[in-house]
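Peer 1: Sharing a model prediction with you, sequence too.
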Amino acid sequence: MSGYETVLAGLEAELGLVRDLYTTLHRHPELSLEEQQTSRLVEEKLTSFGYDVTRIGGTGVVGVLTNGEGPTVLARADMDALPVTEATGLPYSSEVEGVMHACGHDVHVSTLLGAAKLMADGREGWSGTYVALFQPAEEIGAGSQAMVDDGLVTKVPRPDVALAQHVMPIAAGTLATTAGPVLSAGDSLKITVYGKGAHGSMPHMAVDPVVLASSIVLRLQTIVARETKPGDFAVVTVGALNAGTKSNIIPDRATLLLNIRTYDNQVRSAVLAAIERIVRGECVTAGSPQEPDFEYYDQFPLTSNDAAVTDKVTAAFTQHFDAGTVLQATPQTASEDFSRIPDAFGVPYTFWLLGGHDPEKYRAAVERGTVSQDVPGNHSPFFAPVLDPTLSLGVQAQVVAALSYLSRKP
């Protein structure tokens, strides 16, 4: 048998374990940096599979399985849930009030654990080192950096390649890959602008930060419309504008919360510079008595897949799975912090999409042109990947991708 056949021979027998892991995780979600129960479960399973297990970055867990000479492959899954109240009605719905696995990280953990079990049981089919990394706090963009800051690159073998997948609201039973940008860079920005407070009946004695902030909101729309080259991608969203407490009081400050997404680091730098320029300029125009404050947070790096790694993994997927399973991915405007891990090691990576929506319902929505209305997206309280074939395909994808580097010749 080939390495693929050897390792995947136990797939059907292990799918019950994977389903149990998934439903357990879904019932007991944990917020970013609070993944204690999840981490303990992961540690317990990896140890029972025969991995050398290390805690890194607080709740991060890494299992290492060395199996002779050969390359080292790192596969990553994120673990944290979201502050969302579940509305799926599933029999295994969240039992934690106000917290839900609304982004599929329970799929990621359970499928990587399933792959780790198959890799351990099928050691005669491959050679090298397999590193299964379970990362906390992806949702706030802090988990990968926490692991790096805690010495990740010195505590585990240096990989030759890094792999990751993410369940998305596309048809279950499909995978989607692409070279280059697959997820956008993301930046959140809090801006505070200052005015001069006064009575609402005496605007001539004030510098009105509400008017100032409103002017900024309108002017920011020109960054994408008039400063970004046609064909380049950028999103600048003002998600909140807060000022004042009472109708007859002109406040002394206003805050704006922005979200920025880009697929190119040069575009990203240009957009951020334009935001600061516009804000400063509007403050001068309004006669603001104080310089504005800029506070960047929840920043996510660009996820841009290495072409050679993506081609190799895509070829392995195409050879292993039935025709029509492997699709060309459309870059997503969502963001991830996975790439900080391979970047810290200085190694290439690929990140692919795993379909999770009921395939018949998805096809029907496509035919009606109602995908955005009828298919719940990530972070929705209705987000509910179907168990089959999502979990099976997710396990297989992790194994096939890893064995494209680790498999022995038949």
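Peer 2: It's in.
Peer 1: all helices of the stretch 1-150 of the chain, in order?
Peer 2: 3-8, 11-27, 36-49, 105-121, 143-149 (DSSP state H, counting those that start in this stretch).
Peer 1: quick one, which of the ones you listed is packed in tightest?
Peer 2: helix 105-121 (a mean of 26; mean count of other Cβ atoms under 10 Å). C-betas here are computed from N, CA, C, even on glycine.
Peer 1: what's the angle from that helix to helix 36-49?
Peer 2: With axes from the mean of the first three to the mean of the last three Cα atoms, to 10 degrees defining the directions, helix 105-121 sits at 10 degrees from helix 36-49.
Peer 1: quick check: angle from helix 105-121 to helix 11-27?
Peer 2: Counting by the same axes, to 10 degrees, helix 105-121 lies at 150 degrees to helix 11-27.
Peer 1: what is the rounded mean pLDDT of stretch 173-182?
Peer 2: The predicted model assigns stretch 173-182 a mean pLDDT of 98.
Peer 1: who touches it?
Peer 2: For stretch 173-182, the surrounding residues in contact (Cβ atoms under 8 Å, 6 or more residues apart in numbering) are 165, 168, 170, 263-264, 302-307, 310-311, 313-314, 317, 321, 324-332, 350-355, 359, 389-390, 393, 397.
Peer 1: repeat that for 6 Å
Peer 2: 263, 303-305, 307, 310, 314, 317, 325-327, 329, 331, 351-353, 355, 359, 389, 397 (Cβ atoms under 6 Å, 6 or more residues apart in numbering).
Peer 1: and what of stretch 159-168?
Peer 2: Outside stretch 159-168, the residues touching it (Cβ under 6 Å, 6+ apart) are 71-76, 104, 107, 309, 338, 342, 347-349, 351-354, 356, 385, 397, 401, 405.
Peer 1: Relative to the whole chain's centre, how far out is that stretch?
Peer 2: Stretch 159-168 sits 11 Å away from the centroid of its parent chain (Cα atoms, centre = their mean, to the nearest Å).
Peer 1: Going by neighbour count, list what's buried in it.
Peer 2: Within stretch 159-168, the residues scored as buried using 16 or more other Cβ atoms under 10 Å are 159-168.
Peer 1: do the same with stretch 398-406
Peer 2: For stretch 398-406, the neighbour count (16+ other Cβ under 10 Å) marks 398-406 as buried.
Peer 1: ok, now stretch 46-64?
Peer 2: Going by neighbour count (16+ other Cβ under 10 Å), the buried part of stretch 46-64 is 46, 49-51, 53-54, 56-64.
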